[in-house]
Each structure stands twice: as C-alpha cells, then as structure tokens.
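**Q** Coordinates only, no sequence provided:
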C-alpha cells in the first residue's frame, strides 16, 4: 500500500485546499537513466530507485538528491519504507534488498526466485509482499528474513500490489496481453480470488480504503471499484496512452501517469478525468503523495518532478481595530511549516515582502502600512518549512476600496468601488451589499447589487452618512493557531471595504460642508494641523472620535483660543494608536488617519 495516512485531518482538509494541478516542478536527480519507483516517509525524506541498481535519497523534499550504494548493478523496480530507517527495494532477477539505517547500507535478502520483481509493499511492521512475472508472489511475516512463495498460476505476470492490512491485498497484471486480471486475498495470501477485467495489461493498482480502489493499464484503461473489488467499472480516461501508475488521495482526488508524459487528474473519483501538462514527453513510471499536499513522480531519463500545494488566502478585508488591511488564511497541518511570508503588490509582476508570521500564531496578518482608505491592495502568501523550503506564491486577493463624492444635485452621494478579486476564482462575490447609517455603529442595508456593479448613486441625502460595501462568503474563513484557540479573529463571514467584518465602514459625513476645515498632513504621524475656514466654528470645541463615535480626545475652545494663529491650530497625536478617526468641530466632521 503506497500510503498509510487515513487520518480524518487529511480527509477533511483535502476538500478545503485546492490541489495545485499545474505546479509540478523538475528536480535534479543527476541521472539520465530511468527511475522506476519513488517513496517518501514524510514531507522531507524520500528515496527513488531505478536502472542499474541506482538508489537516490533526499532529506529536503528533493531539492537535492544523493546516491546510496545498493551493491548491485541489476535494475531496481520498486521501493518501500516503513519509517526513516527500515526499507526494502526489489528488482530484476529476484533481487530484494533491505536497510535498517535509512539506506546507509543495503543488504540482500533471500527471495528464492530468479524472476523479475516489480513492486514491494508492507501492510504492517513485518508483513509484506513482493510481486513479479511468472506467477511471482512472495510473502513475509518476519520482515523479509523469510520470503514464502504464494504463486498464483491464474495470472502469470504481476506488476503491482497494494496491501491494506495483513489480510487484505490486491494485485494486478495479466495472463495474456488482452486479458488484464486483478487478484484479491482476504486471508493474508492463503487464497487469491481472480477477476478477469475485460481489459488488456494492467500496470498499477491502488486502494484508498478497503472498498474504493482503481487500477490502470494499457490503452488508457482505468478501472474503478467502490465495493472492495466485487465489481469493477471502466472509466473514460480520454487517452489511449499506456497508464503505468495511479494514486488516490481520497475517494475523489486521484492522479494517474503514463507513457509520453501523460498525466491525468480527477476531483470526482474518476467520473471525469482532466489532462495535466507534465511538461515531459518521456515515460512517467511511479507516483507518490506523502499526504494531500505534496507529491512526486519519477520516470525515464532520470526525471523527478515535485508538486506542493500550500495555503491560499481565504479572504482579505479591513481591520476595524487599527484601520488597516487584514489577510486571512486557513493553516495546513503536518507540513513542517516554520512561518508564512506575506507579500503586497508593487508593480509589474513584482510583489514585495511585507512581513512574516510564525506557524504557531493565528493565521491572519494585519498590513500596518496599508492605506485602505485611499486605495485597494493585492496580497499573496508563501509557506516556508523548517528547512527553509518555500512554497509557490498563493493566488492573489485584492481588497475593495470604496470612494464617495458629491453628485448633481448635491444631495446625491456617488459611490464607486473596485471589485473584490480572488485570482484562484474560489471566492467569487455573488453580490455587493451597500450599508449606510447616520452613525458608524448603526448601519443598515441600503441595497444589494449584482456583482457586475461597482457604482451606485444614493439620492436625496440630506444628513451625514456612513457607507460600507460588504461581500458575503458562502463559507467562513476560520484562521487558527497551533492550539486552535479563538483568541483573535474569525470566523469571518464577510469581507468589507475599508473597514471590518462587523459592519462599520468608510465615513463620508458632511460631504456637503467639506470646506469648513481641513487637516494636514493626513495621514498624520506625531501631529496634524487644523485649518479652520468657517468663521462660525472658530469658537467651537474640538473632538477626536474613534470609529465607534466615542471621544478619545477633547479640546475646549477657551483653552485653545490663544493657540489659534492665522486660523491654524497644531494638535499633538500623542496617546492615539495608529488607525482611523473623525475630527469633529461643531456639526462638522472629517476623517483623520494616524500612521
């Protein structure tokens, strides 16, 4: 059996994180001869075997591969490891090799056969099988100290085995080129039941669990069972190329590879198969996923390629607590991730790093240098593991920036915003909701517009209003930390323009009296200057309000009159955290951003 990972974590998360179908990257094996089999025990440590007795190993996910001495020059066709130390390799002329030290040394085991062996698989610590041509079925219950012949004369040529446990195992092969067959045992190989499939040669078999499995072979044949092999149905692969290996991540996500660089992918259990460009034209021989997010395949001419699916941004929004943009994603466990790196769009194809977040902290990031009140921003993330190996960039997400202005007549407020964009297409707004209210804490739905709309005119507005664009998600974003605590953030059911998930947004109060006073600089740092243009408010108290409408600083005019010079007043921002505020003089307010 290729993988023993049946944890519910993997099963549940596979539906939440998209498999990156087109991100297979070449790795340098240093060989030009065929590699026939690849196997990993975790995201970093793996082995590959091939022609001439070659054995390769990696400790860093295949970034570098080094050779190990097999002690033989005949071909090795299959490899299997139980853990970082114990593994087996099988090959031509009945060769079986074992290692107890991660491949530092390999020792021959007595197979009692001279037949070519193609696959080896262990279901438990000591219980395994090796299969090959001319009826070769070898079984051990003592880790290979003794290999016992379980020959099945019904199927002379056996190419692949998948052992679910010590009793249940499946083998595929053929009795003649037009008669592909599948064998199944429920008693540890004492008896083998044989199924004639009506196909030609079958090259590989893989079961996700005791009921759901696939087998592939010549002429693009793909067989599928959901009842433990009692019945097999032929699936349409869309290719006539020979398929040499298949790997099921769960009952829906399945990959297959074969001749002439053929690579197929299905996300619905094989009801539909998609062709994936492998970038190669050689024979692809063996495919392995260590979990739902990292996989490798190997093939002719020393080719090894690597696929890593990593975290994608769930959504971007506005953070009410500090008036900056918020980036949220769902963590993927068991990837040895050390930290995440967050990037913001600059120009052209350039994204600049704006910070990192340790893996064990809650998976959301506030861009403290963003300007959500003035423009939208695009963000990407990467995951970096404990060896410094980076994932690819995630697809970008772009925030919504809302702008408001006076229309004609002046009782009309013109709202314009950019669309929310998720480059992956997973989060597509169905609509935009516009909320408004006379206070930022009492917003009501004004109208819901189709997602094709990015503007709206609010007519007959005769008092100050706050406005907000809200995009609802069909499922929430649920950032977590290593302890899965809810100490901060989420679940997020909405993305909002310029503000936060709870419904407070961009204030455009008093647009019709915008010349009453001005603020400079804005955004401000340590201070800002008020220029009071309306004579009626020169003798009026001044308040600085937070976005909940609460006064955080107040200035009595009798204490300020001697400081008002040429209608200008300098105000210190000491004690005010970075964020968005409102400056209120009499009945008039203006937005203030403190950096």
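**A** Received, thanks. On a predicted model such as this, the values are computed, not experimentally measured, just so you know. Residues are numbered from 1 along each chain as shown.
**Q** Contact partners for residue 96?
**A** When contacts are counted by Cβ atoms under 8 Å, 6 or more residues apart in numbering, residue 96 is found next to 88-90, 108-111, 117, 120, 130, 138, 144, 147. Quick note: C-beta positions are derived from backbone N, CA and C, even for glycine.
**Q** who does it bridge with?
**A** According to DSSP bridges, the residues that bridge with residue 96 are residue 90, residue 109.
**Q** Quick one: buried ones out of the contacts of residue 96?
**A** Under a neighbour-count criterion of 16 or more other Cβ atoms under 10 Å, the subset of the contacts of residue 96 counted as buried comprises 88, 89, 90, 109, 111, 117, 120, 130, 138, 144, 147.
**Q** pLDDT value on the first one, please?
**A** Here, the pLDDT recorded for residue 88 equals 98.
**Q** How many neighbouring residues does residue 320 have?
**A** Counted by other Cβ atoms under 10 Å, the residues lying close to residue 320 total 23.
**Q** What distance do you get for it to residue 404?
**A** 19 Å (Cβ to Cβ, to the nearest Å).
**Q** And residue 225, by the same measure?
**A** Distance, residue 225 to residue 404, using Cβ to Cβ: 61 Å.
**Q** again, but for residue 294
**A** Residue 294 is 47 Å from residue 404, by Cβ to Cβ.
**Q** One more: residue 183?
**A** 72 Å.
**Q** Who has more neighbours out of these two?
**A** Between residue 183 and residue 404, counted using other Cβ under 10 Å, the more crowded position is residue 183 (25 against 18).
**Q** any idea which helix or strand comes after the helix or strand containing that one?
**A** Residue 183 is part of strand 179-185, with elements assigned from DSSP states H and E. The helix or strand immediately downstream of strand 179-185 is strand 193-196, counting by DSSP H and E.
**Q** For the closest residue to residue 143 other than its chain neighbours, give me its contacts.
**A** With Cβ to Cβ, 6 or more residues apart in numbering as the measure, residue 126 is the residue that lies nearest to residue 143, at 4.4 Å, once sequence neighbours are left out. Applying Cβ under 8 Å, 6+ apart, we find residue 126 in contact with 140, 141, 142, 143.
**Q** Drop anything exposed from those.
**A** Going by neighbour count (16+ other Cβ under 10 Å), these have 140, 141, 143 buried.
**Q** The last one reaches residue 125, doesn't it?
**A** If I follow you right, that is residue 143. Yes. Contact criterion Cβ atoms under 8 Å: residue 143 and residue 125 qualify, at 7.2 Å.
**Q** per-residue confidence at residue 595?
**A** So residue 595 comes in at 81 (pLDDT).
**Q** My error: substitute residue 4 in the last question.
**A** According to the prediction, residue 4 has pLDDT 36.
**Q** where does residue 416 land in three-state SS?
**A** Judged by DSSP: H, G, I helix; E, B strand; the rest coil, the three-state class of residue 416 is strand.
**Q** Isn't it up against residue 458?
**A** No. If you go by Cβ under 8 Å, residue 416 and residue 458 don't touch, sitting 11.8 Å apart.
**Q** the more surrounded of these two?
**A** The residue with more neighbours, out of residue 416 and residue 458, is residue 458; 19 against 13, by other Cβ under 10 Å.
**Q** Show the contacting residues for the more buried one.
**A** Neighbouring residues of residue 458 by Cβ under 8 Å, 6+ apart: 412, 413, 414, 415, 434, 436, 446, 465, 467.
**Q** Just the buried ones among these, please.
**A** Those of these that meet the buried threshold are 413, 415, 434, 436, 446, 465, 467, by 16+ other Cβ under 10 Å.
**Q** Show me what secondary structure element comes after the helix or strand containing the fourth one.
**A** If I follow you right, that is residue 436. Here residue 436, judged by DSSP H and E, is contained in strand 431-437. Toward the C-terminus, strand 431-437 is succeeded by strand 444-450 as the next helix or strand (DSSP H and E).
**Q** any idea of the mean pLDDT for that following strand?
**A** Mean predicted confidence for strand 444-450 is 95.
**Q** And residue 331, how close does it get to residue 387?
**A** Distance check for residue 331 against residue 387: by Cβ to Cβ, it reads 18 Å.
**Q** More neighbours: these two, which one.
**A** Neighbour totals were compared for residue 331 and residue 387, and residue 331 leads with 21 against 13 (other Cβ under 10 Å).
**Q** Read off the pLDDT value for that one.
**A** Looking at residue 331, its pLDDT reads 89.
**Q** tell me the secondary structure for it?
**A** Classification of residue 331 by three-state DSSP places it in coil.
**Q** OK, contacts around it?
**A** Going by Cβ under 8 Å, 6+ apart, residue 331 touches 311, 337, 359, 363, 479, 480.
**Q** re the thing from before, ok, the buried ones among the contacts of residue 458 vs residue 286, which is closest?
**A** Nearest to residue 286 out of the buried ones among the contacts of residue 458 is residue 434 (Cβ to Cβ; 55.2 Å).
**Q** My guess is that closest one contacts residue 417. True?
**A** No. If you go by Cβ under 8 Å, residue 434 and residue 417 don't touch, sitting 9.2 Å apart.
**Q** which residues are in contact with both of these two?
**A** Jointly contacting residue 434 and residue 417 under the rule Cβ under 8 Å, 6+ apart are residue 469.
**Q** can you pull the contacts of residue 214?
**A** For residue 214, the residues meeting the contact criterion (Cβ under 8 Å, 6+ apart) are 205, 206, 207, 222, 223, 224, 225, 246, 248, 254, 256, 270.
**Q** rerun that using 6 Å as the cut-off
**A** With contacts taken as Cβ atoms under 6 Å, 6 or more residues apart in numbering, residue 214 has the following neighbours: 206, 224, 246.
**Q** Ok, residue 168 next?
**A** For residue 168, the contacting residues are residue 186, taking Cβ under 6 Å, 6+ apart as the criterion.
**Q** ok, now residue 469?
**A** Neighbouring residues of residue 469 by Cβ under 6 Å, 6+ apart: 400, 402, 417, 432, 497.
**Q** now do 8 Å
**A** Contacts for residue 469 (Cβ under 8 Å, 6+ apart) come out as 400, 402, 415, 417, 432, 433, 434, 435, 496, 497, 498, 505.
**Q** Near the closest residue in space to residue 357 that isn't next to it in sequence, how many other residues are there?
**A** For residue 357, the nearest residue in space outside its immediate sequence neighbours is residue 340; the separation is 4.8 Å by Cβ to Cβ, 6+ apart. For residue 340, the number of neighbouring residues by other Cβ under 10 Å comes to 24.
**Q** Equivalent analysis for the one 5 residues further on, please.
**A** Here the count is done by other Cβ under 10 Å, and residue 345 has 16 residues near it.
**Q** What residues are recorded as beta-bridge partners of it?
**A** Taking DSSP bridges as the rule, residue 345 bridges to residue 351.
**Q** Contacts only, for it.
**A** 351, 377, 378, 379, 380, 396.
**Q** Of the residues you listed, which belong to strands?
**A** With DSSP state E as the criterion, strands contain 351, 378, 379, 380 from among the contacts of residue 345.
**Q** Closest one of those residues to residue 302?
**A** Closest approach to residue 302 among the ones in strands among the contacts of residue 345 (Cβ to Cβ): residue 380, at 32.8 Å.
**Q** wait, isn't residue 28 in contact with residue 65?
**A** Yes. In terms of Cβ under 8 Å, residue 28 counts as a neighbour of residue 65; the distance is 7.0 Å.
**Q** of those two, who's got more company?
**A** Remark: of residue 28 and residue 65, residue 65 carries more neighbours, 21 against 11, as counted by other Cβ under 10 Å.
**Q** doesn't residue 304 make contact with that one?
**A** Yes. The pair residue 65 and residue 304 passes the contact test of Cβ under 8 Å, sitting 7.2 Å apart.
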